[in-house]
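*Asks:* Sequence and predicted model, in that order:
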Amino acid sequence: MFGKSINLVKVMGFQIKVDVSWIIIAVLVTWSLAVGFFPHYIEGLRTMDYWILAVFGALGLFFSIVFHEFWHSYVARKMGVSIKGITLFVFGGVAEMEDDPKTPRSEFWIAIAGPLASFFLALVFYLVFDLARSMEMAPGIISVFMYLALINLILAIFNLIPAFPMDGGRILRAALWHLKKDLPWATRTAANMGSIFGLVLIGLGLLNMLTGNLVGGLWYFVIGMFIRFVAQNSYRQLMVKRALAGETVQSLMKEPVYVPGEITLQELVEDYVYRYHFKMFPVRDGKTLTGCITTRQVGEIERQNWPGILVREITRQCSMENTVGPDEDVVKVLGKMNRTGLSRMMVVRNGELLGIISLKDIMAYLSARMELEGDGSFSD
């Protein structure tokens, strides 16, 4: 889901990160508050004062989203669901759960924790706003607390819309799951609601753009596309996990393509790189993995020197990100591939190279299994 992210702080074991896309939102929110919201609410301030208020408002929004996602994460951990961290990105924030909730009850409490936290913050900021107003504090201070109370109320209500993947959609899925005892059906129904809601937002976006509100309409359109995309993929992701349940790396790995350390770089390029088109090759001595070599390493050496340099001379230790064990769950390996961007991983046990598992082979297995079970979602 995410691109490059920046680690900020760790709170109670949860790593809080900011996706680079959030910078766009931070700038847009600050700008809109400085030239729109605060000048409309309070007249007669200096331009710099409006920008100062806007910065505090944007920081308050940042805190509010982190607070919302923190309570998702905290409740998930209490329910036995592992959380990798909290990431803020262009459409808000997300608590990154490594596993799905195991029961409708845990799904419900994890989902509702965020909106309840936002309602709580809205109440707190409103009480502070009311106190500041009664004490006749500076209008700028009053307006910041009013904005934060309003934005948290909107955040809570919007997230309760029963459309997956929003919190309301997860609450709906939990209720349907509890009633029917059928998680795939509940997920499909909640995801369909999400797709419909996404279409509504897309329609509103087009209507706004046609009537002259280009920026607002574009946001409706983009958010609608995002919600629709995630909703449509949620059911598919669930079916992937169910299809791969119990499958280990050993059952899907293939014989590894490796190179001996005694060949030259010229032979490596001609006999392996041009034949297999891989960017990285394991180097093996017998069955023992001695290291890895990449096309980037070879490219850093002058071509005329390739015939005189052996592979073992520039072999480096393999990254742990490139390796998995034969008994690991394939679903977790898929997650690792998604995080690292790698499509091939070496299967290693006690220093011995056993095989290679690739994204292509996993998807081929899924395609065959889905076709056998009457679901052509993964067909070529």
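*Replies:* All right, it came through fine. Numbering: from 1, shown residues only.
*Asks:* Which other helices and strands does the helix or strand of the chain with the lowest mean pLDDT contact?
*Replies:* Counting by mean pLDDT, DSSP states H and E, the weakest-scoring helix or strand in the chain turns out to be strand 92-97, with a mean of 71. Using 3 or more C-beta pairs under 8 Å, 6 or more residues apart in numbering; DSSP states H and E as the contact test, the elements touching strand 92-97 are helix 47-78, strand 83-89. No exception for glycine: its C-beta is placed from N, CA and C like everyone else's.
*Asks:* what about the strands in this protein?
*Replies:* For the chain, the strands defined by DSSP state E cover 5-11, 14-19, 83-89, 92-97, 280-285, 288-294, 323-324, 344-349, 352-358.
*Asks:* out of the ones you listed, which comes closest to Pro104?
*Replies:* Set against Pro104 and scored by C-beta to C-beta, those come closest in strand 92-97, at 15.7 Å.
*Asks:* And the closest residue to Glu262 other than its chain neighbours, how far from Val259?
*Replies:* For Glu262, ignoring the flanking residues on the chain, the nearest one in space by C-beta to C-beta, 6 or more residues apart in numbering is Leu310 at 6.1 Å. As judged by C-beta to C-beta, to the nearest Å, Leu310 and Val259 stand 11 Å apart.
*Asks:* again, but for Ile293
*Replies:* On the measure of C-beta to C-beta, Ile293 and Val259 end up 7 Å apart.
*Asks:* Just want to know which of these two has more residues nearby.
*Replies:* Under the criterion of other C-beta atoms under 10 Å, the comparison of Ile293 against Val259 puts Ile293 first, with 24 against 20.
*Asks:* What does the pLDDT read for that one?
*Replies:* Per-residue confidence (pLDDT) for Ile293: 92.
*Asks:* Quickly list what it is bridged to.
*Replies:* Judged by DSSP bridges, the bridge partners of Ile293 are Phe281.
*Asks:* where do the helices sit along the stretch 151-300 of the chain?
*Replies:* Secondary structure of the stretch 151-300 of the chain (DSSP state H, counting those that start in this stretch): helices at 167-180, 183-210, 214-244, 249-252, 265-268, 274-276, 295-299.
*Asks:* By neighbour count, which bits of the longest one are buried? Give me those.
*Replies:* What it means is helix 214-244. Of all the residues in helix 214-244, those buried under the rule 16 or more other C-beta atoms under 10 Å are 217, 219-221, 223-224, 226-228, 230-231, 234-236, 238-240, 243-244.
*Asks:* count of neighbours near Asp267?
*Replies:* If you look again at residue 267, you'll see it is Glu, not Asp. 16.
*Asks:* out of everything not next to it in sequence, what's closest to Ala156?
*Replies:* In space, Ala156 is closest to Ser118, 3.6 Å off (C-beta to C-beta, 6+ apart).
*Asks:* That neighbour touches Glu69, doesn't it?
*Replies:* No: counting by C-beta atoms under 8 Å, Glu69 is not a contact partner of Ser118; they are 10.3 Å apart.
*Asks:* Just tell me which of the strands of the chain ends up closest to Ile314.
*Replies:* The minimum distance between Ile314 and the strands of the chain falls on strand 288-294, with 6.5 Å, by C-beta to C-beta.
*Asks:* Let's see that closest one as PDB, backbone CA atoms only.
*Replies:* The C-alpha atoms that make up strand 288-294 are tabulated as PDB, following Å, rounded to 0.1, in the frame of the first residue of the first chain:
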ATOM      1  CA  THR A 288      26.300 -24.600   1.100                       C
ATOM      2  CA  LEU A 289      25.300 -21.000   0.400                       C
ATOM      3  CA  THR A 290      28.500 -18.900   0.400                       C
ATOM      4  CA  GLY A 291      27.000 -15.600  -0.600                       C
ATOM      5  CA  CYS A 292      25.200 -13.600  -3.300                       C
ATOM      6  CA  ILE A 293      26.300 -11.700  -6.400                       C
ATOM      7  CA  THR A 294      24.200  -9.000  -8.200                       C
END
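*Asks:* Show residues contacting that strand.
*Replies:* 259, 261, 268, 279-284, 311-312, 314-319, 322, 346, 348, 351-353 (C-beta atoms under 8 Å, 6 or more residues apart in numbering).
*Asks:* change it to 7 Å
*Replies:* For strand 288-294, contacts defined as C-beta atoms under 7 Å, 6 or more residues apart in numbering pick out 259, 261, 279-284, 311, 314-318, 322, 346, 348, 351-353.
*Asks:* and if you look at stretch 39-56?
*Replies:* 30, 33-34, 38, 139-140, 143-144.
*Asks:* Among those, which pair sits farthest apart?
*Replies:* Across the contacts of stretch 39-56, the two lying at the largest distance from each other (C-beta to C-beta) are Thr30 and Pro139, at 19.2 Å.
*Asks:* Beta-bridge partners for Met97, please?
*Replies:* Ile83.
*Asks:* List the residues that contact it.
*Replies:* 76, 81, 83.
*Asks:* so where's this protein shaky on pLDDT?
*Replies:* By pLDDT under 70, the weakly predicted segments of the chain are 1-5, 89-92, 98, 215, 373-380.
*Asks:* domains in it, as residue ranges please.
*Replies:* 5-160, 181-244, 249-372 (automatic domain parsing).
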